[in-house]
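sequence first, then the predicted structure:
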Protein chains: 2
Amino acid sequence: MIESDTCFYMENKIYTEIQNSFAEYLTEKKLRKTEERFRILEEICTFPGHFDICALHRKLDDQNFHVSKATLYNTLEVLIDGGLIVPLQVSCNAVQYKLRKLAEMHSHVICTKCKTIREIKNYFPKDQLDSVKTPRFTPEFASLYIYGLCSKCKNKMQKKNVSDKKNNKRKQ
Amino acid sequence: MIESDTCFYMENKIYTEIQNSFAEYLTEKKLRKTEERFRILEEICTFPGHFDICALHRKLDDQNFHVSKATLYNTLEVLIDGGLIVPLQVSCNAVQYKLRKLAEMHSHVICTKCKTIREIKNYFPKDQLDSVKTPRFTPEFASLYIYGLCSKCKNKMQKKNVSDKKNNKRKQ
DNA sequence: ATGTATGCAAACCATTTGCAATGAC
DNA sequence: GTCATTGCAAATGGTTTGCATACAT
């Protein structure tokens, strides 16, 4: 259901930065630095866009690193609190997550018909955020969601309409 | 979990417009015009912001109009396909929906901690949409999601940090 | 008359919870 | 040694599905 034009993979430097910031957060909050937490974050960094728990679980399994779903949910919660990833519920069955660094870089293009999400460069960067008035609220980042029809669905719909009209004429 | 500053209620004229557009859609797609479908849409129009299935169900029950959850899910699907409502991108337990007319008018301010959604005037109106390049995609409307911390959560967090530091000093 | 829409109950599946075992500090 | 973290299995709850009945066309 998900595709990504912007084949952006984390550079090593950025990845180390993310890892460090997670370690800092864990120290600050007096949480334990377990192997699971870091392996999970590492795996997350290899996703070019968003992912759901199942995909992440599979990917870790493929690397022969087995964690329980419960641990995954726990860890994602910690990563969200630490500001390293963001949840974004698109109306598929499972919640989608995404590295916050990536989320800050992207806008989202969503086909209302087939629910495919595509990521494009962010059309609402941080400096624009300063001009937004949000009383009693401290904004951290913004993301733009653009709804519409992908070319496939649009084509299907047009064909359907044409054949509908033909059928109508035949019936008359 | 939900609050709304902009106490916007649908004017009658707009409401009739919405109803008509739904009727048109049903005709076009050869779907049946049932009482349930129109009562559900009517009730949806009274929400000043977003809602979830449960709230909608309760509201209809209060009006002594009883529909099954299955019918609600079916109807919402039809309303989405017809472009009358949109599902929102928030990760709460239940999917949030919203009249598309309202979604077009609003930006969304979401606290990443307590998941409260607040609605503010749209900072990404339609004319800006023209400047966005979305290849193989026909955009219809856009909505801006601003993530951050609400004042309550921020206060809580600061208090926690302060007490953490105090504890650290005591221990030393 | 026909076949779509509804209601109900069961099924499904993502997420949460409780608890014993493990391991970071 | 202590207590947070993990893993497992059971519970929860939102959503979907299957099927008999109702009703829009």
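That came through fine. Numbering: from 1, shown residues only, chains lettered A, B, ... in the order given.

helices of chain A, start to end?
A:12-28, A:35-44, A:53-62, A:69-81, A:100-105, A:126-129, A:151-171 (DSSP state H).

ok, of those, where does mean pLDDT dip lowest?
The minimum mean pLDDT among the helices of chain A belongs to helix A:151-171 (a mean of 60).

how is chain A partitioned into domains?
A:1-103, A:104-172 (automatic domain parsing).

let me have these in CSV, adding distance to residue B:85 as columns.
The C-beta positions use only the backbone N, C-alpha and C, and glycine is treated the same way. Shown next, in CSV, are the domains of chain A (distance: least, CB to CB, whole Å):
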stretch, distance to residue B:85
domain A:1-103, 11
domain A:104-172, 10
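
would you turn the ones you listed into JSON lines with mean neighbour count and distance to residue B:18?
Shown next, in JSON lines, are those (neighbours: other CB atoms under 10 Å in any protein chain shown; distance: least, CB to CB, whole Å):
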{"stretch": "domain A:1-103", "mean neighbour count": "16", "distance to residue B:18": "21"}
{"stretch": "domain A:104-172", "mean neighbour count": "16", "distance to residue B:18": "17"}
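
before we move on, the earlier item: want to throw the helices of chain A into TSV with distance to residue B:72?
Listed next are the helices of chain A as TSV, based on distance: least, CB to CB, whole Å:
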stretch	distance to residue B:72
helix A:12-28	41
helix A:35-44	35
helix A:53-62	27
helix A:69-81	28
helix A:100-105	31
helix A:126-129	36
helix A:151-171	25
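
nearest to chain B, of the ones you listed?
helix A:151-171 (4.1 Å; CB to the nearest CB).

of all the domains of chain A, which one is nearest DNA strand C?
Of all the domains of chain A, domain A:1-103 sits nearest to DNA strand C, with 3.4 Å by CB to the nearest atom of the strand.

what about that closest one, distance to the chain center?
Computed by CA atoms, centre = their mean, to the nearest Å, the chain-centroid distance of domain A:1-103 equals 10 Å.

can that domain be said to contact DNA strand D?
Yes. With CB under 7 Å from any atom of the strand as the criterion, DNA strand D is reached by domain A:1-103 at A:31-32, A:34, A:36-37, A:66-71, A:74-75, A:93.

from those residues, which is closest to residue B:50?
Comparing the residues of domain A:1-103 next to DNA strand D against residue B:50 with CB to CB places residue A:93 closest, at 19.7 Å.

give the contact list for the residue most central in space within chain A.
Against the mean C-alpha coordinate of chain A, by CA atoms, centre = their mean, the closest residue is residue A:50 at 3.0 Å. Going by CB atoms under 8 Å, 6 or more residues apart in numbering or on different chains, residue A:50 touches A:2, A:88, A:96, A:97, A:98, A:117.

from chain B, how far off is it?
11 Å (CB to the nearest CB, to the nearest Å).

quick one: pLDDT of that residue?
Looking at residue A:50, the pLDDT reads 86.

how near is it to residue B:51?
25 Å (CB to CB, to the nearest Å).

ok, residue A:108 next?
As judged by CB to CB, residue A:108 and residue B:51 stand 22 Å apart.

alright, calling it a day.
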